[in-house]
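Peer 1: Need coordinates for the following:
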Amino acid sequence: MSRFIFGPELLWLIIYVLARMLSKLNKAPDHALDNFIEQCWFWVPVMVFFTFGLYWMSGVEKNWLMLRILIVGIIMGHMVLETVLKAYSTQGPGIGMGYLAGILLVFIVLVIGSVIVKIVH
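Peer 2: A predicted model of the protein is given here:
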């Protein structure tokens, strides 16, 4: 049972909870986290890449792991990006482009990570 508990779903649930906390902390008047929020279009795909590290952990069930990583990476990548970028103080086309760039990078990282895992593992 413990092999099913730790997987990409739990990892992304933790990242989503952290994103919700980040969005709650970025309030007026100073919006102290705006600089980090602007860069999340890059950091969320990095988290997707680190999700493939589950293949090298011994306690993780490997059956269906690739499909789970792909599905959770797309869904939770979207949810985390949306949650974090919604917390930006001045909404506009720049933040919308950050979302598009982040989702595009998520898809690219998922393809590249899948190829690397299939070749190496």
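
Peer 1: List the buried residues for the one helix or strand Y99 maps to?
Peer 2: Secondary structure assignment for Y99, by DSSP states H and E: helix 93-120. By neighbour count with 16 or more other Cβ atoms under 10 Å, helix 93-120 contains the buried residues 95, 98-99, 102-103, 105-106, 109-110, 113, 117. In short, each C-beta sits where N, CA and C put it, glycine included.

Peer 1: Looking at those, which is nearest V46?
Peer 2: Closest approach between the buried residues of helix 93-120 and V46, by Cβ to Cβ: V109, at 8.0 Å.

Peer 1: got the contact list for that closest one?
Peer 2: Contact analysis of V109 by Cβ atoms under 8 Å, 6 or more residues apart in numbering lists 45-46, 48-49, 73.

Peer 1: Measure how far the helix holding Y99 is from the centre of its chain, please.
Peer 2: Taking Cα atoms, centre = their mean, to the nearest Å, the mean C-alpha location of helix 93-120 is offset from the chain mean by 10 Å.

Peer 1: pLDDT of that helix, averaged?
Peer 2: Helix 93-120 carries an average pLDDT of 94.

Peer 1: Tell me which two of the contacts of V109 sit farthest apart.
Peer 2: Farthest pair in the contacts of V109 (Cβ to Cβ) is V46 and G73. Separation: 11.9 Å.
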